[in-house]
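Asker: Return atomic coordinates for the entry below.
(chains A, B, C and D)
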There are 2 protein chains.
Amino acid sequence: MHDPVDTLVNERPILPKPASFLTRKLVGHRGVNAEDGRWLDTILQRNQRSVEPGSALVELGAPHSEIHVIVGGWAMRRKKMRDGSNQIVALHLPGEICEFNAVLGMVSDTETVAIDRVRAAAISARTLNELSTHPRLGRALWWESMASGAIQRQWFANVASANAATRMAHLLCELEQRLHLVGGSQAHGEGRVFTCPLTQMHLGNATAMSVEHANRTLAQLRRQFGLRAKGGLIEIDDLAGLQAFCGFDPGYIVLDAKSHAPSIMHGAAR
Amino acid sequence: MHDPVDTLVNERPILPKPASFLTRKLVGHRGVNAEDGRWLDTILQRNQRSVEPGSALVELGAPHSEIHVIVGGWAMRRKKMRDGSNQIVALHLPGEICEFNAVLGMVSDTETVAIDRVRAAAISARTLNELSTHPRLGRALWWESMASGAIQRQWFANVASANAATRMAHLLCELEQRLHLVGGSQAHGEGRVFTCPLTQMHLGNATAMSVEHANRTLAQLRRQFGLRAKGGLIEIDDLAGLQAFCGFDPGYIVLDAKSHAPSIMHGAAR
DNA sequence: CGTTATGTTGAGCTCCCTCAAGGTTGGTGG
DNA sequence: CCACCAACCTTGAGGGAGCTCAACATAACG
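Answerer: Residues are numbered from 1 along each chain as shown, chains lettered A, B, ... in the order given. The predicted structure follows:
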């Protein structure tokens, strides 16, 4: 039972600390080599900014020409509903990319807001162009975009056909898995722990249930699987049990790039 | 009140009939020029195949290296749930592109199945590479990918926070709009008509309600907005009323590429 | 002209929402 | 160190939107 960051670094000793979460994931799971990883790290160290909880990282309605990478903290992508409420449609964890659509200068239909304090690195259109010299990196970013699409579909399928307990369990398993990919989930006895700034309000909103029902649902999962979610920390004693309960299959998140995958995307997205 | 196809052709007289639905959309709404449109049309005429209702266009679990363009007919993308049921997570209409993730050789988490008889054109990885010589076309495809993401988010937000009648109305408005973009929705008195092979079972599944409730909901909309959905045809007398009822805003589908949008995606997705 | 898919309507039940009222925690200023 | 306040969490009770089960009607189809 060792620190997952060290594990990654040991497996690829060329990659120096501090490597950003994104770089760790791309090098560890998306087939990016150490050199490209280092280059990405230098880019991520430029243009960083800090966003206060509740402030927008990407505003609604305005066209953008840069994407953002979460360096630290959590953000939510939300959609304003007609009745004035806000619906969370996605969560962005450290090492993840916000609003791919911004690359095209597309007007956003959503806004992205910091949950706790977020540190984000902007990657400009100009810089993205330079990616042409690093094809594997470009492909990895595409991959990330497709993976976030898979997560979006999973959210829809769940809310469309699973009950409250299953949805909540599934979201928690998903978050654990996504953090796991960047070394943000630690072993804890038989189970797992990770920091998580989401309140029950956020968890409820993201899984389409009222705060009260979110609370009751979490209480049920606590009893059944030794789940504790409080004070910015989530502990899961019986992760395997929780995963079995909601039918969680990590495949749609990991989606390892290993085998197949010719160097196709050259040009496909020019 | 004239035929929308002729309108498009008249605006861009260089583009010969028969232009595929996709080409019409890209030239009419995504800033693709006539020359690129013609080239796309020739590509779409190669590698076409016909898929019987209920058969898979893209199978689950296998990695692919080509994308499909729907030339005619409707398809659904669905996800197998743990309880054995199938959840529709997306619909694919004529002129739309299926399973962008296939481009990366990614294993699919879903399967895409023909609803009525579908005619689809496969675009191989090799051909996609040639897109590098047609940057505006490549950008337009990216744009399509992002637009389908916006639709997916809208579906999620709706099922997460709107009631049955609103969800159903919104889906119908969305389908009308998407068909409108390819000239597949016709004027009909004050309202609109379009062919639609979806049964109430499909409509219910896609909007997360039982068949029976879908039926009751459609009956309500028929009374309120003069909606008829039967026998493969949908008629909407009071489209404006229906749109207002569900707060439909076409912006997230049209997402016109007009203004901003530098020729960024070069390389960003290599 | 039977057979199968689809559409229609009714009745009871359940999951989850809403409203309401505490309880707990953590941060802030005195 | 304590008082206070604002989030956040917790629990209860009642109601309603939509599900399930069960018929039956109608349309599509060979």
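
Asker: what residues does the stretch 151-270 of chain A put near DNA strand D?
Answerer: By C-beta under 7 Å from any atom of the strand, the residues of the stretch 151-270 of chain A that approach DNA strand D are A:199, A:200, A:201, A:211, A:212, A:215, A:216, A:218, A:219, A:229, A:230. Bear in mind the C-beta positions are built from the backbone N, C-alpha and C, glycine included.

Asker: How about the last one: which residues does it bridge to?
Answerer: Residue A:230 has these beta-bridge partners by DSSP bridges: residue A:233.

Asker: can you map out the strands along chain A?
Answerer: Remark: strands assigned in chain A by DSSP state E are A:48-51, A:56-58, A:66-72, A:75-80, A:86-92, A:97-98, A:111-114, A:118-124, A:186-188, A:191-195, A:227-230, A:233-236.

Asker: So is the third one next to chain B?
Answerer: No - for a cut-off given as C-beta under 8 Å from any C-beta of the partner chain, strand A:66-72 has no contacts with chain B; the smallest distance is 8.7 Å.

Asker: Let's test this: mean pLDDT of that strand, rounded?
Answerer: For strand A:66-72, the mean pLDDT works out to 94.

Asker: name the helices or strands packed onto that strand?
Answerer: The elements that strand A:66-72 packs onto, with contact taken as 3 or more C-beta pairs under 8 Å, 6 or more residues apart in numbering or on different chains; DSSP states H and E, are helix A:21-29, strand A:97-98, strand A:118-124.

Asker: Report whether the longest helix seen in chain A contacts DNA strand C.
Answerer: Looking across chain A with DSSP state H, the single longest helix is helix A:135-161. No - remark: helix A:135-161 sits outside contact range of DNA strand C, by C-beta under 7 Å from any atom of the strand, the gap being at least 9.8 Å.

Asker: how big is the angle separating that helix from helix A:21-29?
Answerer: 100 degrees (axes from the mean of the first three to the mean of the last three C-alpha atoms, to 10 degrees).

Asker: how far is helix A:135-161 from where the chain is centred?
Answerer: In terms of C-alpha atoms, centre = their mean, to the nearest Å, the centre of helix A:135-161 is found 10 Å from the chain centre.

Asker: anything in it near chain B?
Answerer: Yes - applying C-beta under 8 Å from any C-beta, one finds helix A:135-161 touching chain B at A:135, A:138-139, A:141-143, A:145-146, A:149-150, A:152-157, A:159-161.

Asker: what stretches of the stretch 51-200 of chain A score poorly on pLDDT?
Answerer: Within the stretch 51-200 of chain A, the set of residues satisfying pLDDT under 70 comprises A:132.

Asker: Neighbours of residue A:118, how many?
Answerer: Neighbours of residue A:118 under the rule other C-beta atoms under 10 Å in any protein chain shown: 26.

Asker: That one contacts residue A:76, correct?
Answerer: No - the criterion here is C-beta atoms under 8 Å, and residue A:118 misses it with residue A:76 at 10.2 Å.

Asker: hmm, back to that, deepest of the helices and strands packed on strand A:66-72, which one?
Answerer: Among those, helix A:21-29 has the highest mean neighbour count (mean count of other C-beta atoms under 10 Å in any protein chain shown), at a mean of 24.

Asker: quick one: average pLDDT of that helix?
Answerer: For helix A:21-29, mean pLDDT rounds to 93.

Asker: Adding distance to DNA strand C, write the residues of the stretch 151-270 of chain A next to DNA strand D out as JSON lines.
Answerer: Output for these, formatted as JSON lines (distance: C-beta to the nearest atom of the strand, whole Å):
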{"residue": "A:199", "distance to DNA strand C": "11"}
{"residue": "A:200", "distance to DNA strand C": "11"}
{"residue": "A:201", "distance to DNA strand C": "12"}
{"residue": "A:211", "distance to DNA strand C": "7"}
{"residue": "A:212", "distance to DNA strand C": "4"}
{"residue": "A:215", "distance to DNA strand C": "9"}
{"residue": "A:216", "distance to DNA strand C": "8"}
{"residue": "A:218", "distance to DNA strand C": "12"}
{"residue": "A:219", "distance to DNA strand C": "13"}
{"residue": "A:229", "distance to DNA strand C": "13"}
{"residue": "A:230", "distance to DNA strand C": "7"}
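
Asker: Save those as CSV, and put in distance to residue A:84 and neighbour count too.
Answerer: Formatted as CSV, these follow (distance: C-beta to C-beta, whole Å; neighbours: other C-beta atoms under 10 Å in any protein chain shown):
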residue, distance to residue A:84, neighbour count
A:199, 20, 15
A:200, 21, 19
A:201, 16, 13
A:211, 17, 14
A:212, 20, 10
A:215, 23, 16
A:216, 25, 15
A:218, 26, 22
A:219, 29, 11
A:229, 28, 21
A:230, 29, 12
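
Asker: so how many other residues sit close to the residue nearest to residue A:160 when sequence neighbours are not counted?
Answerer: For residue A:160, ignoring the flanking residues on the chain, the nearest one in space by C-beta to C-beta, 6 or more residues apart in numbering or on different chains is residue B:208 at 3.8 Å. Using other C-beta under 10 Å, the number of residues around residue B:208 comes to 22.

Asker: wait, residue B:208 sits on residue A:157?
Answerer: No - counting by C-beta under 8 Å, residue B:208 stays clear of residue A:157, with 9.6 Å between them.
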